[in-house]
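> Fold the stuff below for me.
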Amino acid sequence: QVQLVESGGGLVQTGGSLRLSCAASGRTFDSYSVAWFRQAPGRVREFVAWIAWNSPATAYAESVKGRFLIARNNAENTASLQMSSLRRDDTGVYYCAAYSTGRYNSAEDYRYWGQGTQVTVSS
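Coordinates of the predicted model:
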């Protein structure tokens, strides 16, 4: 079992930056891929970014490419999401997820989830 705790959310103006962190406890997650998803009010949870467990391979949603950067530190059992050039449509609750049993960008395929951290981008 892996417990995930996100932090770093908050209120930021359009064009600003935030860095989200995901801390894992329980079993180490260095053998699991890690992803970030987000959910805006009234919308389904959507894929944001993914990083492999055993290589520097990453993937991003088209909407965040070039603005967001996912990273992980297996020694510290943490993952992060550096978000820049934030837009109002980046607003939502951001979730860290680990251990996909299928597709890397499918929320339903992830076994472990954090409780989420709110990101609000205002103009």
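> CA atoms for contacts and neighbours, from now on please.
Will do.
> residues contacting Phe47?
35-38, 60-61, 105-107 (CA atoms under 8 Å, 6 or more residues apart in numbering).
> Which members of those residues are the farthest-apart pair?
Longest distance between any two of the contacts of Phe47 is 14.0 Å, between Tyr60 and Ala107; criterion CA to CA.
> Quick check: end-to-end length of stretch 107-119?
Terminal residues of stretch 107-119 lie 19 Å apart, using CA to CA, to the nearest Å.
> Let me see the mean pLDDT of that stretch.
Mean pLDDT, computed over stretch 107-119, is 97.
> next one: it to chain centre, how far?
Here stretch 107-119 is found 8 Å from its chain centre; the criterion is CA atoms, centre = their mean, to the nearest Å.
> what does that stretch rub up against?
Contacts of stretch 107-119 (CA under 8 Å, 6+ apart): 1-12, 22, 37, 45-47, 90-103.
> Narrow these to those in strands?
Among the contacts of stretch 107-119, the ones falling in strands (DSSP state E) are 2-7, 10-12, 22, 37, 46-47, 92-100.
> about what we covered before: give me the ChimeraX select line for the contacts of stretch 107-119, limited to the buried ones.
With 16 or more other CA atoms under 10 Å as the criterion, this ChimeraX line picks the buried residues out of those:
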select :2,3,4,5,6,7,8,9,12,22,37,45,46,47,90,91,92,93,94,95,96,97,98,99,100
